[in-house]
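[1] Here is my input, please return the structure:
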Amino acid sequence: MGHPGTVDATYELTQAKAQYCYNLDARDWGALGALMTSDVEFDVGDGDDRVPVLVGREAVLDMLRRALADSRSVHQAHMPMFDVDAEEARVVWTMHDRVVWDDGRSRTGYGHYRERWVRGDGEWKLAALRLTRLLVESGDDIPLTMYEAARRAPGRLDDAHRFRSFPATESGW
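    Modelled structure (predicted):
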């Protein structure tokens with residue numbers, strides 16, 4: 001940091017992440033998708049190699065719709081650490097989320113989002129997200145990953161969704 005525009009970029013990225021959390025909790029899938037690149041990479045497996053990384057906006061939105069079906073949620077991101085250049089940013093956010101399903105099940109998580117954002121046409125878009133949970137509290141037998149929750153939801157994640165592994169060396173996280 002230290003080059004012109006960094007302060008503006010960190011403000012814009014903070015606003016984009018706030019919109020991400022708000023749109024996720026409001027279930028505004030169109031607005032949430034508009035914050036992502038078409039080929040966004042989404043890793044919510046929390047280090048479990050059996051959980052594939054989703055690739056593509058539609059695959060991510062489908063998984064989130066299923067995982068959060070019949071629930072209320074609050075997602076929060078705090079204390080960002082930025083590494084910003086003109087067209088790309090890497091951000092680590094401290095996170096806290098709470099999901100309560102209509103049937104009484106609930107999950108509370110604490111950890112970090114590690115993200116890569118890219119700027120195109122003057123707007124920041126989420127290009128990659130990796131969620132790492134340091135602590136998960138649950139009083140019920142519920143899936144611990146969002147992907148597993150989506151997999152158990154009515155219907156199924158179809159094979160048209162592209163998956164790939166998320167090599168640690170690629171992201172530098």
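
[2] Pull stretch 71-90 out as PDB, backbone CA atoms only.
    What follows is stretch 71-90, C-alpha atoms only, in PDB (Å, rounded to 0.1, in the frame of the first residue of the first chain):
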ATOM      1  CA  SER A  71     -33.100 -20.200   7.200                       C
ATOM      2  CA  ARG A  72     -32.300 -16.800   8.500                       C
ATOM      3  CA  SER A  73     -28.600 -15.700   8.600                       C
ATOM      4  CA  VAL A  74     -26.300 -12.900   9.700                       C
ATOM      5  CA  HIS A  75     -22.900 -12.700   8.000                       C
ATOM      6  CA  GLN A  76     -20.300 -10.200   9.300                       C
ATOM      7  CA  ALA A  77     -16.800  -9.300   8.100                       C
ATOM      8  CA  HIS A  78     -14.400  -7.300  10.300                       C
ATOM      9  CA  MET A  79     -10.800  -6.000  10.500                       C
ATOM     10  CA  PRO A  80      -9.700  -6.400   6.900                       C
ATOM     11  CA  MET A  81      -6.100  -6.700   5.900                       C
ATOM     12  CA  PHE A  82      -5.600  -5.400   2.300                       C
ATOM     13  CA  ASP A  83      -3.000  -6.000  -0.400                       C
ATOM     14  CA  VAL A  84      -4.100  -3.800  -3.200                       C
ATOM     15  CA  ASP A  85      -2.700  -2.800  -6.600                       C
ATOM     16  CA  ALA A  86      -4.400  -1.000  -9.400                       C
ATOM     17  CA  GLU A  87      -6.500  -3.900 -10.800                       C
ATOM     18  CA  GLU A  88      -6.400  -6.700  -8.100                       C
ATOM     19  CA  ALA A  89      -6.700  -6.900  -4.400                       C
ATOM     20  CA  ARG A  90      -6.300  -9.700  -1.800                       C
END
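
[3] which parts of the longest helix seen in the chain are buried?
    Using DSSP state H to define each element, the chain has its longest helix at helix 6-26. The neighbour-count check on helix 6-26 (16 or more other Cβ atoms under 10 Å) flags 9, 10, 12, 13, 16, 17, 20, 21, 23, 24, 25 as buried. Any C-beta I mention is one placed from the backbone N, CA and C, and that applies to glycine too.

[4] what about the strands in the chain?
    Per DSSP state E, the chain carries strands over the ranges 36-43, 53-55, 71-84, 88-101, 106-120, 123-137, 162-164.

[5] State the pLDDT value of the spatially most central residue of the chain.
    Centroid-nearest residue in the chain: residue 129, 5.2 Å away (criterion: Cα atoms, centre = their mean). pLDDT recorded at residue 129 is 98.
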